[in-house]
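Colleague: task: produce atomic coordinates for the following.
(4 chains)
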2 protein chains.
Amino acid sequence: MSTRIQILDAGEQLARARGLEAFSYADLEKAVGIRKASIHHHFKSKADLALALIERYSERFADALRDIEDAHVTPQERLRAFTGLYRDALAGGEQVCLCVAFAAGRESLPGTVALATRSFQEMALAWLEVTFNELNTPEFPDDPQDEAAAFLALLEGAQIMARGASDPALFDAAIRPFIRRLGVTGLKA
Amino acid sequence: MSTRIQILDAGEQLARARGLEAFSYADLEKAVGIRKASIHHHFKSKADLALALIERYSERFADALRDIEDAHVTPQERLRAFTGLYRDALAGGEQVCLCVAFAAGRESLPGTVALATRSFQEMALAWLEVTFNELNTPEFPDDPQDEAAAFLALLEGAQIMARGASDPALFDAAIRPFIRRLGVTGLKA
DNA sequence: GTCTATACTTTGATAGAC
DNA sequence: GTCTATCAAAGTATAGAC
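Modeller: Next up, the predicted model:
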């Protein structure tokens, strides 16, 4: 595995567990096993690293959405799979989605990073809006745009809650009512 | 207004907009108009300040919950008022709840602060669980504990989303389906 | 690409005068 | 309670050898 990727992996883990401002090149030095100067060779500034982090995260997320579309046909199944993405990102209650970590401290982000974070969110919302639009059932009667926003908020908030208690069970509890509503809908369809 | 309170106010604003690690005593110096050394006189360490912030926040929140109980009788009205608390905390899309800001970067929190943040969340969840328990309607058939977790996650996530885009309209969109479900329920009751 | 060495800044914190 | 002065440590970043 290339050094660049090792740095990105370590940076992402730290950013998602602590926040962008709460880790340093010294932390990366320890995690990757090379000197700070070498890390600067790969990422000239911390802003560059942060931008690379959110861009890579966005690409991986886009890939994951395509995988869901390939593997699942019904909107119910796709939404359940989408939930799995956020459940996995929890990493045992020790991390949140990079987008959540960045959005929380938005004012301290470099401009380009703030924009990329926003784009990530818009990608997620657009995909969900399409999916809720296909989900034409009485259980979700609202504007698909609102249902998408509500669902993404639920998942992001469930991550934050679980993170606050370092307990993934809180994520599961928060998601349960939605999953049940979705299941009932699935049977009706 | 006492200097101590001015420091707390400035610290809270900065923590909720940027995150705890993303502001310094130098920022407080500018905001409050006294020297760093004077701030250390009021809060010996940054950990002390952070703890004071979350404790004051918890007290104010507990007061707000009592006010809601005094002003509203039905669980529907109380939940709507609870939503207002989180909508107000958005501050135009430029801040999140202190609990959310702290929980997001949990790994970098002093131990006492992490515990106090968790307590805050548990207070919110306990209050919501009681309220959902009173809300005995077919629209919310799940375990009140799960409904409480889902609702708090929705509100916290709606804040994060709105913060990511600096746009409170995203909060409103995310909350709308819940408010509608609550409204329908209210009519049936 | 990685290293040592170093520059410069910011940060949290303390000592002691007023 | 607030100030000036100061500190050691940590932070980001660069220069130049290998």
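
Colleague: residue numbers of chain A in contact with DNA strand D?
Modeller: Residues of chain A lying near DNA strand D by CB under 7 Å from any atom of the strand: A:24, A:25, A:26, A:27, A:36, A:37, A:40, A:44, A:45, A:46, A:47. (C-beta placed from N, C-alpha, C; glycine too.)

Colleague: turn the residues you listed into CSV, including pLDDT, secondary structure and distance to residue A:136.
Modeller: Converted to CSV, these look like this (pLDDT from 0 to 100; DSSP: H, G, I helix; E, B strand; the rest coil; distance: CB to CB, whole Å):
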residue, pLDDT, secondary structure, distance to residue A:136
A:24, 98, coil, 50
A:25, 98, helix, 51
A:26, 98, helix, 53
A:27, 98, helix, 49
A:36, 98, helix, 55
A:37, 98, helix, 57
A:40, 98, helix, 53
A:44, 98, coil, 50
A:45, 98, coil, 48
A:46, 98, helix, 46
A:47, 98, helix, 44
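
Colleague: buried only: go through the residues you listed for me.
Modeller: The neighbour-count test (16 or more other CB atoms under 10 Å in any protein chain shown) marks A:25, A:46 as buried among those.

Colleague: the residues of chain A next to DNA strand D into TSV, with extra columns for distance to residue A:99?
Modeller: Shown next, in TSV, are these (distance: CB to CB, whole Å):
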residue	distance to residue A:99
A:24	22
A:25	23
A:26	26
A:27	21
A:36	27
A:37	30
A:40	26
A:44	24
A:45	21
A:46	18
A:47	17
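
Colleague: out of the residues of chain A next to DNA strand D, who's nearest residue B:1?
Modeller: Among the residues of chain A next to DNA strand D, residue A:24 lies closest to residue B:1 (CB to CB), at 35.9 Å.

Colleague: burial measure for residue A:88, as a count.
Modeller: When neighbours are counted by other CB atoms under 10 Å in any protein chain shown, residue A:88 registers 9.

Colleague: so does stretch A:80-100 get close to chain B?
Modeller: Yes - judged by CB under 8 Å from any CB of the partner chain, stretch A:80-100 comes into contact with chain B at A:94, A:96, A:99, A:100.

Colleague: check stretch A:106-124 too.
Modeller: Yes - Stretch A:106-124 reaches chain B (CB under 8 Å from any CB) through A:106, A:107, A:108, A:117, A:118, A:121, A:122.

Colleague: and these, which two are the farthest apart?
Modeller: Checking the residues of stretch A:106-124 next to chain B with CB to CB, the most distant pair is A:108 and A:122, at 21.1 Å.

Colleague: so which helix or strand takes in the residue nearest to residue A:72 when sequence neighbours are not counted?
Modeller: Nearest residue to residue A:72 in three dimensions, chain neighbours excluded: residue A:78, at 4.7 Å (CB to CB, 6 or more residues apart in numbering or on different chains). If you go by DSSP states H and E, residue A:78 is part of helix A:75-89.

Colleague: what comes into contact with that helix?
Modeller: A:16, A:61, A:64-65, A:68-69, A:71-72, A:95-97, A:127-128, A:131-132, A:134-135, A:151, A:155-156, A:158-159, A:168, A:171-172, A:175, A:178-179, A:182-183, A:185-186, A:189 (CB atoms under 8 Å, 6 or more residues apart in numbering or on different chains).

Colleague: ok, stretch A:46-53 next?
Modeller: A:7-8, A:11-12, A:15, A:20, A:25, A:43, A:98, A:102, A:109-110, A:112-113, A:116.

Colleague: which stretches of chain A aren't confidently modelled?
Modeller: Scanning chain A for pLDDT under 70 picks out the ranges A:184-189.

Colleague: enumerate the residues of it near DNA strand C.
Modeller: So chain A meets DNA strand C at A:3, A:4, A:33, A:34, A:35, A:36, A:37, A:38, A:41, A:42 (CB under 7 Å from any atom of the strand).

Colleague: so what's the residue count around the residue nearest to residue A:72?
Modeller: 21.

Colleague: against residue A:66, how distant is it?
Modeller: According to CB to CB, to the nearest Å, residue A:78 stands 11 Å off from residue A:66.

Colleague: tell me which residue of chain A lies closest to chain B.
Modeller: residue A:157 (2.8 Å; CB to the nearest CB).

Colleague: backbone dihedrals for the residue lying closest to residue A:105 once chain neighbours are set aside, please?
Modeller: Excluding the flanking residues, the one nearest residue A:105 by CB to CB, 6+ apart is residue B:19, at 3.6 Å. Dihedral pair for residue B:19: phi 110, psi 160, per degrees, to the nearest 10.

Colleague: again, but for the one 5 residues further on
Modeller: Dihedral angles of residue B:24 (phi, psi; degrees, to the nearest 10) stand at phi -130, psi 170.

Colleague: so which of the residues of chain A next to DNA strand C are in helices?
Modeller: Cross-referencing those against helices under DSSP state H gives A:3, A:4, A:36, A:37, A:38, A:41, A:42.

Colleague: what's the local residue count around the second one?
Modeller: Neighbour count of residue A:4, defined by other CB under 10 Å: 14.

Colleague: next one: the last one
Modeller: The number of residues packed around residue A:42, counting by other CB under 10 Å, is 19.

Colleague: hey, where'd the helices end up in chain A?
Modeller: A:3-18, A:25-32, A:36-42, A:46-71, A:75-89, A:98-104, A:111-134, A:144-165, A:168-188.

Colleague: deepest-packed of those, please.
Modeller: helix A:98-104 (a mean of 28; mean count of other CB atoms under 10 Å in any protein chain shown).

Colleague: check which helices and strands it sits against.
Modeller: For helix A:98-104, the elements it packs on are helix A:3-18, helix A:46-71, helix A:111-134, helix A:144-165, helix B:98-104, helix B:144-165, judged by 3 or more CB pairs under 8 Å, 6 or more residues apart in numbering or on different chains; DSSP states H and E.
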